[in-house]
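here is the input, now give the coordinates:
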Amino acid sequence: MNINMDISTISLIELFDLFVSRGVIEKPNLFGLIDFSPTSMKAAGYELVGDPSDFHFYEKSHATNYRGRAVDIIFKSYFLSKFEVGNGIRIGPGVRLISFLRHYKQLKKLTHISNGNIKFYFSDNRMDGAAIFDESIVVRFSKKTRHGSYLIQTLESDFDKTGNIKNIATGQVKFSMTYCDMLAVRDRHWERGKCTAFDRLTKFYLT
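Model (predicted):
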């Protein structure tokens, strides 16, 4: 897929805050758009993916500022026929899950991250996972190397302006991954040691 880069001063932290608070980005001006209509996005160089008469989306790559360095994202705006559904973000390499959770903890003024309404799901080998916030917002993450940390892949949500699509993000996670009770892991040491990123996440969650 050939996507043109767009150099901008978008704050990735601001996008995080907006998305975890509402499950959707409702500020088109952040992306240089008048609105999220197909006409505006086509004029701004967004690429259409899918059949416009069915479920489809428009996407474009943007450069964001994350803690003083550039991180590329792909912003996606979803539609069901001519009706806007919501949006999501694919995050480029380099954003650690634990850094995001630490920011979320401060944003929500939590004493411990375990005080938040967050549920974790993992693939069988724990190389891939997803965190569901408030039963509706999904942060997918992945570990690419043996000793690496979990890096955020996407921000998704069940938000649907049409009311016709139920649990589009959380449903896919629950179907394809297994729920992990992070508090229970503390008492089941035999489960740890399989994945260093998982061990780091568990330690962070339990402290």
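
when you work out contacts or count neighbours from here on, use the C-alpha atoms and nothing else.
OK.

mind checking which helix or strand the residue nearest to the spatial centre of the chain is in?
The centroid of the chain falls nearest to residue 155 when counting by C-alpha atoms, centre = their mean (1.5 Å). Using DSSP states H and E, residue 155 maps to strand 151-157.

give me the buried positions along the worst-scoring helix or strand of the chain on mean pLDDT.
Within the chain, no helix or strand scores below helix 182-185, which has a mean of 85 by mean pLDDT, DSSP states H and E. Across helix 182-185, burial judged by 16 or more other C-alpha atoms under 10 Å covers residue 182.

and whatever helix or strand comes next after that helix, what does it pack onto?
Scanning forward in sequence from helix 182-185 by DSSP H and E, the next helix or strand is helix 196-206. The contact analysis (3 or more C-alpha pairs under 8 Å, 6 or more residues apart in numbering; DSSP states H and E) places helix 196-206 against helix 182-185.

strands along this protein, start to end?
10-11, 47-50, 55-66, 69-80, 83-91, 118-122, 128-133, 137-142, 151-157, 178-180 (DSSP state E).

the last one pairs with which strands?
Taking DSSP bridges as the criterion, strand 178-180 forms sheet pairs with strand 118-122 (antiparallel).

in the strand it pairs with, what's buried?
Of all the residues in strand 118-122, those buried under the rule 16+ other C-alpha under 10 Å are 119, 120, 121, 122.

surely residue 152 and residue 141 touch.
Yes: assessed by C-alpha atoms under 8 Å, residue 152 is found in contact with residue 141 at 4.2 Å.

what about this protein, any weak spots by pLDDT?
Residues of the chain meeting the criterion pLDDT under 70: 1-8, 146, 186-194.

got the domain boundaries for it?
For the chain, automatic domain parsing gives the domain ranges 10-91, 97-206.

so who does the residue nearest to the centre of the chain touch?
Residue 155 makes contact with 19, 88, 89, 90, 91, 137, 138, 139, 140 under the criterion C-alpha atoms under 8 Å, 6 or more residues apart in numbering.

excluding covalently adjacent residues, which one is nearest to residue 64?
Spatial nearest neighbour of residue 64, excluding adjacent residues (C-alpha to C-alpha, 6 or more residues apart in numbering): residue 10 at 4.7 Å.

my guess is the one you found contacts residue 68, does it?
No: assessed by C-alpha under 8 Å, residue 10 is found out of contact with residue 68, at 11.6 Å.

of these two, give the one with the bigger neighbour count.
The residue with more neighbours, out of residue 10 and residue 68, is residue 10; 18 against 8, by other C-alpha atoms under 10 Å.

for the more buried one, give me its contacts.
Neighbouring residues of residue 10 by C-alpha under 8 Å, 6+ apart: 30, 31, 63, 64, 65.
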